[in-house]
Each structure stands twice: as C-alpha cells, then as structure tokens.
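Participant: Sequence first, predicted model second:
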Amino acid sequence: MGDNSANTLLNNVVVPDDIRDFTDDQLKQLAEEVRAEMIDAVSHTGGHLGAGLGVVELTVAIHAVFNTPDDRLIWDVGHQCYPHKILTGRRDRIRTLRQGGGLSGFTKRSESEYDPFGAAHSSTSISAGLGMAVARDQLGKDNHVICVIGDGSMTAGMAYEAMNNAGDAKSRLIVILNDNDMSIAPPVGALSKHLTRLVSSKRYMQARETGKKVTEILPPPLRHAVKRAEESARTAMGTGSLFEEMGFYYIGPVDGHNLDQLLPIMRNLRDGAHEGPVLIHAITKKGKGYAPAESSADKMHGVVKFDVVTGAQHKSKPSAPAYTKVFAQSLIEEARHDSRIVAITGAMPSGTGLDLFEREFPDRMFDVGIAEQHAVTFAAGMATEGLKPFCAIYSTFLQRAYDQVVHDVCIQNLPVRFAMDRAGLVGADGSTHAGAFDVAYMGCLPNMVLMAAGDEVELMHMVATMAAYDAGPIGLRYPRGEGMGIDLPARGFVLEIGKGRVVREGNDVAILSYGTRLGEALKAADALAERGISATVADARFAKPLDTALITQLANHHSKLITIEEGSIGGFGSYTLEYMNDAGLLDGRCRVKTMHLPDLFQDQDTPDKQYDEAGLNAKQIIHAIEALK
C-alpha cells in the first residue's frame, strides 16, 4: 500500500457503514482521499482510470446514503467500480487489480457481497436492477435498487428495452445516468441546484401526483393545457421528456461532482420521495481531479503503469507491430484500391485500430456506439447495396449480435466481413473479454467462411482475401498483442478459400495449428527435433471450409496428429475430428488429439500464464505428443 499518511478519514474506512455518520464536509474530504488512492493504485497496476475518477463523488454519496449491500448497487459498465472497491472492504487489495490472483477489474459476484451483479460488458444494469426490484416486491422486501449506467452504455438498445419495461412495471428503481460525454456547464448554478433539489423532494412529488388527479376531472381542453404547461415548466427546469415518456421520474441535470447536490437528492429518494422508477441525470467529467486524465480522456481511459506526477505511461517498446495495427493498416491499403470498402465498429475505434482508418477515410468509417446488434444489421444493409462492410468487433462483443449474424447476414448470404479482434485469451481483462467461442458459434452457421491468422503476414493476406470475397459472409479472428516480428509486405495477397499451408516438413508427428498458437507449435517442433522426433507443422488458415486434402495428407503420413487452437471445445478440432471420422481416417494408424481452451472461465493473469494454465504452450504440445499412445 502507498503512503496513506494524508488519508486521515480513509484510513478509518473499511466498509460503507463506516462513513454513514460522516458530515457532508467529511464526505467531501473522503471523496478527495478516495480519488488520490485510486490514482496511486492504478499507477502501480494499470487499468481503467478515467471512468472511475469520474464517479468518485457518486460512489461516496451512494454508499453514505444507502444501506449497501442490502440496498443493491449495480455498476454499468464495471470499469467504473474502482472507487466502489476501495470503499467496500477491498482497499487492502486494490493494488492487485487485474493481476493474477488479485481483484478483478470489474464487478464480480464471487468477489464481494457488495457486487450484486457482475458487469464487464455494457448496458445490462437496468435489466438486472429491474429484475432485482421485481424480486424484492414479490418477496415482500423493502430495500432499494440503484443502477449507475454510463460511459456510453446508454447507446445500446438493451438499456432502452429495460427502461421501457421498468416504466411499465412501476417498481421502485433508481437509475443514475452518468453522463460524462459533456462538460459541466456554467448554467448548473444556484437556481438550477435549487430547482433540482426541489423536484426530488417528497413534497413536490406528492403535489405533482395530486395535481395529476385534479387535472383528470377537468374538461379535456383545460386538462391538456394544464398538462402542457406542467411539461413546459419541467423542460425549462432542465428535465428530460424522453425518460418521462418511458415512465421514469426525471431529476436533473445534476452536477455529479457536487456532493451538496447529490446528497440531498439521494436522501430524498432513500426516504421514499417517489415509489416508481426514477432517473437521476448526473453530469460528470471523465478523469475528474487528475489533470492528465481530464485532458486526455481517450488515452487515459485504460492505462498501463504510469507516473502519477506527469501521467506518462510506462509502455514497453514493442518488438513487433500489434495485430490490431496490422489489421488497420492492411484495411487502409485495401481501401485505397477499392472505394466500396467501409469500416464499422461499436464504440471501439482505437481498440480495433479503426481510428487509423478514419484519419484517412473519415467518410467511410462508422462508429455506431455500444450497439453491436445494430452494427451487424447496419453492415448487412450496406452489403445489399454493393458496399464492402468490414465489421470490426471484439470476439467477445460479437456474441451480443449473434441473432443478427444468423438472420440478417447468414440466412441472406450477405458479404459482411467480420474482423474479430481479441481472439483467444486477453490477460488482465480476464474471462469477460476473452475471445473463446467465436470459432464454435460462427462455424456452425451455413454460408460462413472462417479464417484465423497464424502470424501478422497471414493477417494481411486474410484482410486482402476478405476484401476480394463477395460470395457471402466471411470472418477473420486475430489476437490481442504483438505479432511474431516477421517482415511485412506492402500489401497482402488473396488466399485460396479453404486452403492451408505446410510451414515445416517432418516425418513422425504433425501439428496442425489454427491461429497464433502457430508460434508455439514451431517452438515445440524445434524442441522435438532435439529429441530426434521430426515434426510437420501446418497452418490450417481456415476452419470453414476445412482443407480436407491437407488433413488427409497429415493423417496418412504421420503416426500422430495434434490440432491446436485458441478457442473453446466445439471449434476447429471438433470440425477436424468429424471430417476424419467421416473419411475413415480414425482407424488407428494416426492417433489424434485436439488441444483447445479448457471448459472453464479463466481469471485474469498475464497472457503467458493464462496459456500455461490452458495447456496451449510449447511444453504442453510436446507433452501431448509424448502422451499420445
């Protein structure tokens, strides 16, 4: 733990109950201490910085006013939760964030009773919170349910589906919209503060409900005039008609960093000022209170270790370009030759490399927000008109759009190109962000072509192949991190669909790799050669269609065949086994073993340790070959 000599209040806080008798001035001091503690911790561990700094005051206010964990607090998305972890019994482990055996970077039910719902993907809080609220009502309980949604999560349709349901259900639910996409404007002054506090009070809400009952007995013209006047008054006070129309009582905008505003509103709602769903619109600033994060919200959203004084991140010099950058540069090169190529992402332009594409082709890049379902169908619509859409979405995020991949793309056999970044294990982000399942869930779909890059040059060839392929949907998976350091050509070339390659010739055993375990397969072959065992190493390139000629050749000329992939069971290895069984190749002459990710969700750690745990490194390949009798 760092130097906490100045943390005179925080040093006495273990759980939220310890702050519930603090004065408002003490809570303000506590907020500053929590902010300093978070900055220091993340400077040692890396992680999500800006979003957490923006919710420090909200976190303090919620835990000071409400009776957590009995009152349920749900964070959406989970990377806002570092201040929450500091105040809920985990401060002594906060410098283990995202480390092997340490705290998760997101909320996690198994980690703490103060995390009632795990969240690493966005826009789930209102649905989950409404479920908890309805369960509370069914069970005759009286606790509060509070959802904090923000950082782009309100761009996803699921949030609005949940709000529509919540407005109709009428269960008591508090939603806090953490709006950090705009600065706190000067008009949030004394009058606005007074009016916002007024509309959150029980007296105002009761008067408003009484007024509604009175207007119902008025003649229609007068009733409508009164209603319009009331709506106009609330609009003038800064309220949101959209949320009101969905059945929520709207409070705001509120300065999300001003405890003098937040605390009275929270206390009013705690004390029963309103019985239905309420939305508090809190304006916050990402990175609040730390100048480097305030001035560079995008670069300080997720950080590696950094210098607290300067904000400079301690990034190691890459030995090879990252796969994401190779993808982006390859796509740019293809787009220079084909004006029909367009790129689509869901709120991840820098994460997918499409920010580079946008610099050169600003009119051909589309960031649709956290809306993967929309992104896929949007791409399908483009494809019907002759464009060549590249839909760049993390493997784990594409799961959210599976119905659209099936119905809107594959059934109609539309040439949408899926670039699935973060395939395989992803290190510190853990199980929620690992790309484990795309080979299985995409490979079972008719009309789909699936590729995986074995190295960065192969990635370039596959981008060129996708650009040239117009016969239907095609998908490409590639991992997070750096490539193998191979010299790159100026432009990739188009591969023959369904054709793999032999990388190294051998006589005794064969290793058939799908994806970037190819490097480990080559290491294993080197080690086997030292033991007098000659190994063929092949790069499958395609999971669908399979290179059946290559598989047949390997089976007929080797005593052992290992398949290896960075995906779950039911993927490339399963497809290979099914083909071999149908072709009569499982007759005992060639013994076969499939190597894939284990049937479990792996926690965060370094990628090397994760792959060791998964059994997919060179030493485990060697062991699998030796154990195959």
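Facilitator: Received it, and whenever you're ready, just let me know what you need.

Participant: what's near enough to touch T59?
Facilitator: T59 sits next to V34, P83, H84, L87 when contact means CB atoms under 8 Å, 6 or more residues apart in numbering. All C-beta spots, glycine's among them, are computed from the backbone N, C-alpha and C.

Participant: actually M266, sorry about that
Facilitator: Contacts of M266 by CB under 8 Å, 6+ apart are A61, I62, A64, V65, F66.

Participant: so the second one makes contact with I146?
Facilitator: Yes - with the criterion set as CB atoms under 8 Å, I62 and I146 qualify as a contacting pair; they are 6.0 Å apart.

Participant: which neighbours do these two share?
Facilitator: Here I62 and I146 have L73, I176 as joint contacts, going by CB under 8 Å, 6+ apart.

Participant: low pLDDT regions in this structure?
Facilitator: The chain contains residues with pLDDT under 70 at 1-7, 151, 181-240, 296-300, 302, 317.

Participant: let's go with 50 and repeat that
Facilitator: For the chain, the stretches with pLDDT under 50 are 1-3, 182-192, 194-195, 198, 229, 231-239.

Participant: L27: which element?
Facilitator: Following DSSP states H and E, the helix or strand that holds L27 is helix 24-45.

Participant: which helices and strands does that helix pack with?
Facilitator: helix 50-53, helix 56-65, helix 82-87, helix 259-270 (3 or more CB pairs under 8 Å, 6 or more residues apart in numbering; DSSP states H and E).

Participant: I'd like to know which of those helices lies nearest to K170.
Facilitator: helix 259-270 (15.6 Å; CB to CB).

Participant: any idea of the angle that closest one forms with helix 24-45?
Facilitator: Helix 259-270 and helix 24-45 are oriented at 100 degrees to each other (axes from the mean of the first three to the mean of the last three CA atoms, to 10 degrees).

Participant: and helix 259-270, how far from the chain's centre?
Facilitator: 31 Å (CA atoms, centre = their mean, to the nearest Å).

Participant: Next secondary structure element downstream of it?
Facilitator: strand 277-283.

Participant: Okay, buried residues for that following strand please.
Facilitator: Within strand 277-283, the residues scored as buried using 16 or more other CB atoms under 10 Å are P277, V278, L279, I280, H281, A282, I283.

Participant: what do you get for stretch 375-384?
Facilitator: A375, V376, T377, F378, A379, A380, M382, A383.

Participant: In PDB, could you pull the C-alpha coordinates for that stretch?
Facilitator: Provided in PDB are the C-alpha atoms of stretch 375-384 (Å, rounded to 0.1, in the frame of the first residue of the first chain):
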ATOM      1  CA  ALA A 375     -23.700  -2.700 -36.200                       C
ATOM      2  CA  VAL A 376     -24.200  -6.100 -37.800                       C
ATOM      3  CA  THR A 377     -27.600  -5.300 -39.400                       C
ATOM      4  CA  PHE A 378     -26.300  -1.900 -40.500                       C
ATOM      5  CA  ALA A 379     -23.400  -3.700 -42.200                       C
ATOM      6  CA  ALA A 380     -25.900  -6.100 -43.800                       C
ATOM      7  CA  GLY A 381     -27.900  -3.200 -45.200                       C
ATOM      8  CA  MET A 382     -24.700  -1.800 -46.700                       C
ATOM      9  CA  ALA A 383     -23.900  -5.100 -48.200                       C
ATOM     10  CA  THR A 384     -27.200  -5.300 -50.000                       C
END
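
Participant: Any chance you could list what contacts it?
Facilitator: By CB under 8 Å, 6+ apart, the list of residues contacting stretch 375-384 from outside reads 342, 344-346, 366, 368, 389, 391, 393, 398, 401, 404-405, 408-409, 412, 414-416.

Participant: In helices, which of the residues you listed appear?
Facilitator: L398, Q404 (DSSP state H).

Participant: Among the contacts of stretch 375-384, name the ones in strands.
Facilitator: V342, I344, T345, F366, P389, C391, I393 (DSSP state E).

Participant: quick check, nearest of those residues to I622?
Facilitator: Closest to I622, out of all of these and judged by CB to CB, is I393, at 35.3 Å.

Participant: Just confirm the closest one contacts T352, I think it does.
Facilitator: Yes - using CB under 8 Å, I393 makes contact with T352 at a distance of 7.4 Å.

Participant: any chance you could map the helices in the stretch 151-300 of the chain?
Facilitator: 157-169, 190-199, 202-216, 220-236, 241-245, 259-270, 291-295 (DSSP state H, counting those that start in this stretch).

Participant: my read: G89 touches D17, true?
Facilitator: No - G89 is beyond contact range of D17, at 10.4 Å (criterion: CB under 8 Å).

Participant: who has more neighbours, these two?
Facilitator: Counting neighbours by other CB atoms under 10 Å for G89 and for D17 shows that G89 has the greater number, 17 against 11.

Participant: Compute the distance between the closest residue in space to the more buried one that isn't next to it in sequence and K28, please.
Facilitator: Spatially, and ignoring its direct neighbours in sequence, G89 is nearest to V15 (5.1 Å; CB to CB, 6 or more residues apart in numbering). Here V15 is placed at a distance of 20 Å from K28 (CB to CB, to the nearest Å).

Participant: Okay, domains of this structure per the record?
Facilitator: Domain ranges of the chain: 10-301, 323-477, 503-627, per automatic domain parsing.

Participant: what's near enough to touch R267?
Facilitator: V65.

Participant: again, but for F601
Facilitator: S431, A434.

Participant: State the three-state secondary structure for it.
Facilitator: Three-state assignment for F601 (DSSP: H, G, I helix; E, B strand; the rest coil): coil.

Participant: mind checking how far it is from A379?
Facilitator: Note on F601: its distance to A379, by CB to CB, is 29 Å.

Participant: do K523 as well
Facilitator: For K523, the distance to A379 - CB to CB - is 38 Å.

Participant: A440 contacts F572, doesn't it?
Facilitator: No - look at A440 against F572 with CB under 8 Å: they stay out of range, at 9.1 Å.

Participant: between those two, who's got more neighbours?
Facilitator: F572 (28 against 18).

Participant: does the spatially most central residue of the chain sit in a helix or strand, and which one?
Facilitator: By CA atoms, centre = their mean, the chain has its centre lying nearest to H121, at 4.2 Å. For H121, there is no enclosing helix or strand under DSSP H and E.

Participant: Tell me which residues touch F418, please.
Facilitator: Residues in contact with F418, defined by CB under 8 Å, 6+ apart, are C391, I393, L398, V405, M442, P473, I474, G475, L476.

Participant: got the CA coordinates for stretch 590-600 in CSV?
Facilitator: Only the C-alpha atoms of stretch 590-600 are listed here, as CSV (Å, rounded to 0.1, in the frame of the first residue of the first chain):
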residue,chain,number,x,y,z
CYS,A,590,-2.8,-42.0,-36.9
ARG,A,591,-3.6,-41.1,-33.3
VAL,A,592,-5.3,-37.7,-32.9
LYS,A,593,-5.6,-35.2,-30.1
THR,A,594,-7.3,-31.9,-30.1
MET,A,595,-5.9,-29.0,-27.9
HIS,A,596,-8.2,-26.1,-27.1
LEU,A,597,-9.1,-23.8,-24.3
PRO,A,598,-10.3,-25.6,-21.2
ASP,A,599,-14.0,-25.8,-20.3
LEU,A,600,-13.9,-23.0,-17.8
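
Participant: ok, residues contacting that stretch?
Facilitator: Counting by CB under 8 Å, 6+ apart, 424-425, 436, 554-556, 558-569, 571-574, 576-577, 580, 586, 613-616, 620-621, 624, 628-629 sit against stretch 590-600.

Participant: Tell me the buried residues within the residues you listed.
Facilitator: 424-425, 436, 554-555, 558, 560-568, 571-574, 576-577, 580, 613-616, 620-621, 624.

Participant: Among those residues, name the ones in helices.
Facilitator: 554-555, 572-574, 576-577, 580, 613-614, 620-621, 624.

Participant: In JSON lines, list the residues you listed along with distance to D487.
Facilitator: JSON lines is the format used below for these (distance: CB to CB, whole Å):
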{"residue": "L554", "distance to D487": "28"}
{"residue": "A555", "distance to D487": "33"}
{"residue": "F572", "distance to D487": "28"}
{"residue": "G573", "distance to D487": "31"}
{"residue": "S574", "distance to D487": "35"}
{"residue": "T576", "distance to D487": "31"}
{"residue": "L577", "distance to D487": "36"}
{"residue": "M580", "distance to D487": "36"}
{"residue": "E613", "distance to D487": "33"}
{"residue": "A614", "distance to D487": "30"}
{"residue": "Q620", "distance to D487": "29"}
{"residue": "I621", "distance to D487": "26"}
{"residue": "A624", "distance to D487": "32"}
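
Participant: Alright, I will stop here.
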